[in-house]
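A.B. asks: here is my input, please return the structure:
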Amino acid sequence: MLHVDLGAIVANWRDLVARHGAPAAGVVKADGYGLGAGAVARALQAAGCTTFFVAHLTEGLVLRAALGAGPQGAREAPPDIVVLNGFRPGADEDAGLVPVLNHLGDVAAHAAAGSRAVLHLDTGMSRLGLDAREQAVLAQDRGRLDGLRLLHVMTHLACADEPEHPLNEAQRARFAEAASRIAPGVKRSFANSSGIFLGEGFRSDLARPGCALYGINPTPGAANPMRQVARVEAEILQVREIAAGDTVGYGASWQATEPRRIATVAAGYADGYLRALSGRSLALLRGRAVPLIGRVSMDLMTFDVTDVPEAAPGERLLLIGGEGNTPDDIAARCGTIGYEILTSLGARYHRVHEGA
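C.D. replies: Numbering: from 1, shown residues only. Coordinates of the predicted model:
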């Protein structure tokens, strides 16, 4: 079971808006970082969020269905749903989605269609967005933007979680200069979650926090300023006694050196609990840490519950959540990031959205 604290997500968003000193969107791509984009976006919309970012067109269509186009005759406009990877004109099937324009071909196609859009200028990520050559072309011929209704011009920080990295300041300067040449007077969207914590120079008309909304630490190396959002529980299917010398799981990779009690739990890598965590992680049972032993398999895992003699079938272990067991903590055990832990959570979990 996956418990999602929508109240904590809303509180995190409000904290980020206050720190940014200007509006912030809600980034809900990858199904709201695995926690349910529709429920997350509805909670943020009720709190006053008016812009959402997704990665793919299909995500945007699903989110528009979840949020609706706004009630008939309502004074408030429906929320903007911006698709970071863009889409061809008309592909949104009248859902009113906003494409991000990532190259001159996008600019030409959507200018001809008179689209509402966001213009992406690459300033150092070297991924999506108009590169320096395309930016120079557009600066010399701003008429290429005629017909577009630009909501924002944006860029994306590559190293915002490293405050001292020189690329942060380089990107800030490049973006300010390029946006002034190409789209003077158009609102700007700059900081991601970590960028919000870089200071005044990284403020813009619209921040785009993602991971911080969901409790991932946007300031690695410092205390996490965000509230925790997700708890994942899994049921104990069986508890058995094993003797010294017995092995557990595929490959017989773990062997008991003394008699132990082993709980088999109904979750595995098909549920997003990464196989790389085998022998490296823990869960909480009755408030006590119990180590993960043996290999994580597709549907099952095993934990040593010898020190929790009350453990019994039907009880639930806390796989994610609790002191020392946040997504960031779990990620550190297998050399990844909290983003991957959350976005890997499988569709088999029953998601319970609380605190809305």
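
A.B. asks: please parse the protein into its domains.
C.D. replies: Dividing the chain into domains by automatic domain parsing, as the record does, gives the ranges 2-214, 230-354.

A.B. asks: now the ones you listed in TSV, with mean neighbour count and mean pLDDT?
C.D. replies: Backbone N, C-alpha and C define where each C-beta goes, glycine included. Formatted as TSV, the domains of the chain follow (neighbours: other CB atoms under 10 Å; pLDDT from 0 to 100):
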stretch	mean neighbour count	mean pLDDT
domain 2-214	19	95
domain 230-354	18	96
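
A.B. asks: tabulate those domains (TSV), appending distance to Ala222.
C.D. replies: Output for those, formatted as TSV (distance: least, CB to CB, whole Å):
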stretch	distance to Ala222
domain 2-214	9
domain 230-354	12
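
A.B. asks: now do the helices in the stretch 101-250 of the chain.
C.D. replies: Under the criterion DSSP state H, counting those that start in this stretch, helices of the stretch 101-250 of the chain are mapped to 104-113, 132-140, 166-182.

A.B. asks: and the contacts of the last one?
C.D. replies: With CB atoms under 8 Å, 6 or more residues apart in numbering as the contact definition, helix 166-182 has outside contacts at 119, 121, 123-124, 135, 138-139, 142, 145, 153, 155, 157-160, 162, 186, 188, 190, 195, 198, 201-202.

A.B. asks: what does stretch 99-106 give?
C.D. replies: Under the criterion CB under 8 Å, 6+ apart, residues 82-87, 92, 107, 110, 115, 117-120, 128-130, 134, 137-138, 144, 148, 154 lie in contact with stretch 99-106.

A.B. asks: hmm, 6 Å instead?
C.D. replies: Contacts made with stretch 99-106 from outside it, assessed by CB atoms under 6 Å, 6 or more residues apart in numbering, are listed as Val83, Leu84, Gly86, Phe87, Val107, Ala117, Val118, Leu119, His120, Leu128, Gly129, Glu134.

A.B. asks: for Val4, phi and psi?
C.D. replies: For Val4, the backbone dihedrals are phi -120, psi 120 (criterion: degrees, to the nearest 10).

A.B. asks: surely it is in contact with His353?
C.D. replies: Yes. Contact status for Val4 versus His353: in contact at 5.0 Å, counting by CB atoms under 6 Å.

A.B. asks: chain neighbours aside, what residue packs nearest to Leu317?
C.D. replies: Once flanking residues are discounted, Leu317 sits nearest to Ala283: 4.1 Å by CB to CB, 6 or more residues apart in numbering.

A.B. asks: what helix or strand is that neighbour on?
C.D. replies: Element membership for Ala283, per DSSP states H and E: strand 282-285.

A.B. asks: within the sheet, what are the partner strands of the very next helix or strand once past that strand, with directions?
C.D. replies: The first helix or strand that comes after strand 282-285 along the chain, using DSSP H and E, is strand 288-293. Strand 288-293 has its sheet partners listed here by DSSP bridges as strand 282-285 (antiparallel), strand 301-304 (antiparallel).

A.B. asks: gap between the strand holding Ala283 and the chain center?
C.D. replies: With CA atoms, centre = their mean, to the nearest Å as the basis, strand 282-285 stands 24 Å off its chain's centre.

A.B. asks: and what of stretch 135-154?
C.D. replies: Computed by CA atoms, centre = their mean, the chain-centroid distance of stretch 135-154 equals 29 Å.

A.B. asks: can you list contacts of it?
C.D. replies: Outside of stretch 135-154, the residues that reach it under the criterion CB under 6 Å, 6+ apart are 107, 111, 114, 116-121, 178-179, 181-183, 186-189, 206.

A.B. asks: Ala46 looks like it's in a helix, true?
C.D. replies: Yes. Counting by DSSP: H, G, I helix; E, B strand; the rest coil, Ala46 falls inside a helix.
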